[in-house]
Each structure stands twice: as structure tokens, then as C-alpha cells.
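1. Task: produce atomic coordinates for the following.
(one chain, ligands or ions: 1)
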Amino acid sequence: MSIAVIGGGAAGMMAAAAALESGAEVCLYEPNRLLGKKLRITGKGRCNVTNNCAPEEILKNVISNRKFLYSSVYKFTPEDCIAYFEGLGVPMKTERGRRVFPVSDKAADVSDALENYITDMGCKIVRARVNDIIIKDGKACGVVTDLGEKEHSAVIVCTGGVSYPGTGSTGDGHRMAKRLGIEVTPLKPSLVPIVLYDRTGHLMGLSLKNVRLSVYLGDKEIIGEQGEMLFTHFGISGPLVLSASAHMQAASVDSYRMEIDLKPALDNETLDKRLIQDLQKYAAKDFINSLGDLLPSKLIEEVVERCGIDPRKKSGEVSKKERAALLDTLKHFKLTPKSFRSLDEAVVTAGGIDTKEIHPATMMSKSYEGLFFAGEIIDVDAYTGGYNLQIAWSTGRKAGESAAEYSFEIEG
Ligand SMILES: Cc1cc2nc3c(=O)[nH]c(=O)nc-3n(C[C@H](O)[C@H](O)[C@H](O)COP(=O)(O)OP(=O)(O)OC[C@H]3O[C@@H](n4cnc5c(N)ncnc54)[C@H](O)[C@@H]3O)c2cc1C
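-> Sure thing, here's the model as predicted:
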């Protein structure tokens, strides 16, 4: 009898591959026409497959329940992951921050390679939504789809989180698990854009590179990182913002303060020298026309307004005190966070199947034999940098191998 894999995303395809490699038959259920619909949009369509680091570094970048992942991540490490995809004919490269991408820069290559591999290995792909898991005598032994009931030796649930529901991850797996009495921890957005109280419509589309974004709670900086961010009509997004959001509590986003250091490479003294130089260079021009060498044009008006210097004052007449105010605005560009954008827009879902419900060494449910979980459906989530996909690959492999072993055991 075959193993059912519910969900043809990253974890599901990897679980199928591992079970097939162990010699099991696999039937994968996926209602989308395309497998890996979310995988195909990862890393802005380039797919940050993993992070080229040691397993303990992966675990350090896991936000919730990192201990649970110890066994699976050590069994299938980033090094194994890179070798695996290269073995499937997708060469990999490592970029800044040890982020690993396919050399082709095409996420579709990663998804297609896995799909072709499992199809060639004989995986049966059924384009149907699974509505329920059949349990008999405390064991998972089949699934119910719109096409009817189907018996299976084991069931692996890989239906993902609830973010970006357009890709198919709509929380079905959580609902099926809840109906079986399995604990699901509250689902919250993680790696999510932030809505600001500040007016940002006029800055929409402005992308800032090499800035430092800091988040404060009271006087304490809870996270400060350098990189790239983006202004939107509602507030801010981009890699720095998504990372920062993972350090903030969803329920009290408005209790934090945020600041951008627009010139993190220059200390105050060096920046002041630079300001003197630019103000002298444009001495005869209005102050508002003297910042073009220093700032993107979309930001100039905002900075001028914030520092309180008369925009029509001649640059040569800007006083030392006013220059200090300008410097302060550039080094401490304040933002007032209001809330997170919705779960739909989060890159990952925090919360999910309670890790206490799953054996970490096999990914099997503690309540039902033959029922396995893998990927984002589990209450684990990590920072940006390829860590979330590594979780999907590692837990997917573990679930696939364990389900195959279990199936052989029960079938004698
Ligand atoms: C925009 C974006 C960019 C990202 N970029 C990166 C990145 O570069 N690197 C990184 O590490 N992580 C990234 N992530 C996170 C990463 O994509 C996810 O953590 C990962 O895809 C989770 O894999 P999964 O297989 O658990 O779930 P998913 O990939 O969501 O797959 C779940 C699958 O289950 C199917 N399904 C759902 N319900 C049913 C049902 N009832 N029956 C049958 N099938 C069902 C869905 O259709 C879907 O195909 C990104 C996420 C987003 C949204």
C-alpha cells in the first residue's frame, strides 16, 4: 500500500522523495496544477534554498522550538541539501550572508527538479484536495478527498502554514489535525511587513540599501541590522523589516520604536565633515537642493522637513546647530510602528502543530501511529536566509524516511 503525502510544496515533495528512495510507494495529493507554487516565488523567484552553514547555525536562526529540529537538521544538513540539489542537476551558489541560490537564479528549477525526480521514481500525483485523514484503531490509514476515500499505509501532512493563501496553504492541515484532537498553537504572522503611524504614501517604492534598521523597546535595542528595506503605501517592508518583525510581539507592535541609520558606514564625525563639504559645494543653492549627493531624491523633502531647517535657506547659511539637527535626522530617522500586516502577507506562519504532539526523531504523531507532519505546518519558524526552507527539507526527509520504515514494519 502506498504512503499518502498531503501537499506538494517543499516539505511534501521532499518527503515523497525520501519515502521513494527508501523503496516505498507514494501518492502525493496537491490541488494546485503546479507543484511547489510557493517554492516558485521564494527568494523573489530565485529561491534561497538554504543557508551554507553548520547545522548548529541553522538551529540558532530558528525562532520557535529549535530543539525539536535538532534530530532532523543534523540528519539532513545544509551541506547535504546543497549536494542533494546539485545531484538533481541544479547547481548551487552561495551569496552574501551564506544564502544559497540556484546558479540559474530560478526558483522554478528547484521545484521542477524535485517534481521530475519524484515523478521519475514513480510517485503518483493526484490533483485533489484532501479533506480528512482516516483513522482506524488509533492509526492513520487513509485520506478522504473530493474524489472519495483512499486507503494508505501512512499519511504525511505537509500542507504548510497559512500565509500567502493564494499558493494553496490555507490551513487545511491544521483543521484536520484539530478534528483529531491534536493541539495547534495560535497561528501568527512572522517575517511580515509593518504598518506605520507615519505617513509613507509619498515615499512608496523607495528602496534603501545599506541602511541600519534598529528596533527599540524602551531604551533597549532589541535588534539592529544593516541591509535593505522598502517603503510602501502602508509603511515598510523588505528584508530588514521582515527580519525585524520576527523579534517583535504581534500583539504589541505599537510599543516598539524604530530608527533608520541612513548612513551607517559614517560615524558622526565623518558624516559631519561630509555635510560641511556638501553644504559648501552647494552654498549658493537652497538647502533643499544640497542633499542630492547624499540621499535618494524621494527622501530629501522628508529629511528636510524632519530636521526643521528652512528648505529655502541658502546652504551656505546653515548653522552648526542646524547641521547637528540634520545629522541627527540622518542617523536616527524615526519610525512609529503601528501593527503587522495580515497573516496573508507574512513570509512564514509562526505557530502550528504543537511540537509536543510530534516525535522529533521520526516526525510521527504521538497520538496516532502512521501519521506524520513536516514543514511549515509544524510550530517552527526561522529568520530569513534560507532557514525556513532548510526546515522544510530536513523535516520532509525525516518524515518520508520514517513513514517508509513504519509502512514496511506494519506490512511485515
Ligand atoms: C514570498 C515568500 C518568499 C519566501 N522565500 C523564502 C526563501 O527564499 N527561503 C526560505 O527558506 N523560505 C522562504 N519562504 C518560506 C518558505 O517558502 C516556506 O517556509 C516553505 O515553502 C514551507 O514549505 P511547506 O512545504 O511546509 O509548505 P508550502 O510550500 O506552503 O506547501 C504546502 C502545500 O500543501 C498544499 N495543500 C494545502 N492544503 C492541502 C490539502 N487539503 N490537500 C492537498 N494539498 C494541500 C498547498 O497547495 C501547497 O502546495 C518564503 C515564503 C514566501 C511566502
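
2. Smallest gap between the stretch 201-350 of the chain and the ligand, at which residue?
-> At 4.3 Å from the ligand, V347 is the closest residue in the stretch 201-350 of the chain, using CB to the nearest ligand atom. Heads up, the C-betas are built off the backbone N, CA and C, glycines and all.

3. quick one: contacts for that residue?
-> V347 makes contact with 163-164, 190-192, 242, 384, 388 under the criterion CB atoms under 8 Å, 6 or more residues apart in numbering.

4. Among those residues, give me the pair with the biggest separation.
-> Greatest spatial distance among those (CB to CB): Y164 and T384, at 14.7 Å.

5. that older thread, give me the pLDDT for the residue of the stretch 201-350 of the chain closest to the ligand.
-> The model reports V347 with a pLDDT of 94.

6. State the helix or strand in which the residue of the chain most remote from its centre lies.
-> Here the centre of the chain is the reference, and by CA atoms, centre = their mean the most remote residue is A284, at 48.9 Å. Using DSSP states H and E, A284 maps to neither a helix nor a strand.

7. Now do stretch 166-184, average pLDDT.
-> Average pLDDT, stretch 166-184: 97.

8. Any residue of that stretch touching the ligand?
-> Yes. Judged by CB under 6 Å from any ligand atom, stretch 166-184 comes into contact with the ligand through 167-169, 172.

9. With G160 as the reference, measure out to the residue of the stretch 151-300 of the chain found nearest the ligand.
-> Using CB to the nearest ligand atom, the single residue of the stretch 151-300 of the chain nearest to the ligand is G168, 2.1 Å away. As judged by CB to CB, to the nearest Å, G168 and G160 stand 7 Å apart.

10. Neighbour count for those two, which is higher?
-> The residue with more neighbours, out of G168 and G160, is G160; 30 against 21, by other CB atoms under 10 Å.

11. Specify the local secondary structure of the closest residue to that one other than its chain neighbours.
-> Spatial nearest neighbour of G160, excluding adjacent residues (CB to CB, 6 or more residues apart in numbering): S169 at 3.3 Å. The local conformation at S169, judged by DSSP: H, G, I helix; E, B strand; the rest coil, is coil.

12. and the closest residue to the ligand within the stretch 251-400 of the chain, what is it in contact with?
-> Residue nearest to the ligand within the stretch 251-400 of the chain: G375 (2.3 Å; CB to the nearest ligand atom). Residues near G375 by CB under 8 Å, 6+ apart: 7, 9-12, 158, 160, 391-392, 395-396.

13. Then D328?
-> C307.

14. In a helix, it, correct?
-> Yes. Assigned with three-state DSSP, D328 falls within a helix.

15. Give me every residue in this structure lying close to the ligand.
-> Proximity of the chain to the ligand is confined to 6-12, 29-32, 37-39, 41-43, 47-48, 129-130, 158-160, 163-164, 167-169, 172, 347-348, 375-377, 386-389, 392 under the rule CB under 6 Å from any ligand atom.

16. Can you select the buried ones from the residues you listed in ChimeraX?
-> The buried residues among the residues of the chain next to the ligand can be selected in ChimeraX (16 or more other CB atoms under 10 Å) with this line:
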select :6,7,8,9,10,11,12,29,30,31,37,38,39,41,42,43,47,48,129,130,158,159,160,163,164,167,168,169,172,347,348,375,376,377,386,387,388,389,392
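
17. For the ligand, give me its nearest residue in the stretch 1-150 of the chain.
-> Nearest residue of the stretch 1-150 of the chain to the ligand (CB to the nearest ligand atom) works out as G9 at 1.9 Å.

18. Could you check how far that residue is from V195?
-> Counting by CB to CB, the gap from G9 to V195 is 28 Å.

19. picking up where we left off before, I'd like the residues of stretch 166-184 next to the ligand as a markdown table, with distance to F68 appended.
-> Below are those laid out as a markdown table (distance: CB to CB, whole Å):
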| residue | distance to F68 |
| --- | --- |
| T167 | 25 |
| G168 | 25 |
| S169 | 20 |
| D172 | 22 |
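
20. and which of the residues you listed is nearest to N61?
-> Closest to N61, out of all of these and judged by CB to CB, is S169, at 21.5 Å.

21. which ones are touching the closest one?
-> S169 sits next to 9, 38, 159-163, 349, 376 when contact means CB under 8 Å, 6+ apart.

22. mind listing which of these are in strands?
-> If you go by DSSP state E, these have T349 in strands.

23. Including distance to T185, could the contacts of S169 go into CSV?
-> Below are those laid out as CSV (distance: CB to CB, whole Å):
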residue, distance to T185
G9, 20
K38, 21
T159, 16
G160, 16
G161, 12
V162, 13
S163, 15
T349, 10
E376, 13
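
24. Please identify which of the contacts of S169 is nearest to N289.
-> Closest approach between the contacts of S169 and N289, by CB to CB: S163, at 43.7 Å.

25. ok, that closest one touching G351?
-> No. Using CB atoms under 8 Å as the test, S163 is too far from G351 to be in contact (11.1 Å).

26. For this protein, which segments count as helices?
-> 10-21, 42-45, 55-60, 70-75, 78-87, 107-120, 172-179, 239-245, 268-281, 297-307, 320-331, 387-410 (DSSP state H).

27. which one of these is the most hemmed in?
-> Highest mean neighbour count among the helices of the chain (mean count of other CB atoms under 10 Å): helix 10-21, with a mean of 29.

28. So which elements touch that one?
-> Judged by 3 or more CB pairs under 8 Å, 6 or more residues apart in numbering; DSSP states H and E, helix 10-21 is in contact with strand 3-6, strand 26-29, helix 107-120, strand 154-157, helix 387-410.

29. same thing but at 6 Å, please
-> Counting contacts by 3 or more CB pairs under 6 Å, 6 or more residues apart in numbering; DSSP states H and E, helix 10-21 packs against strand 3-6, strand 26-29, helix 107-120, helix 387-410.

30. would JSON lines of the ones you listed with mean pLDDT be doable?
-> What follows is the helices and strands packed on helix 10-21, written out as JSON lines (pLDDT from 0 to 100):
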{"stretch": "strand 3-6", "mean pLDDT": "98"}
{"stretch": "strand 26-29", "mean pLDDT": "98"}
{"stretch": "helix 107-120", "mean pLDDT": "98"}
{"stretch": "helix 387-410", "mean pLDDT": "97"}
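
31. All good on my end, thank you.
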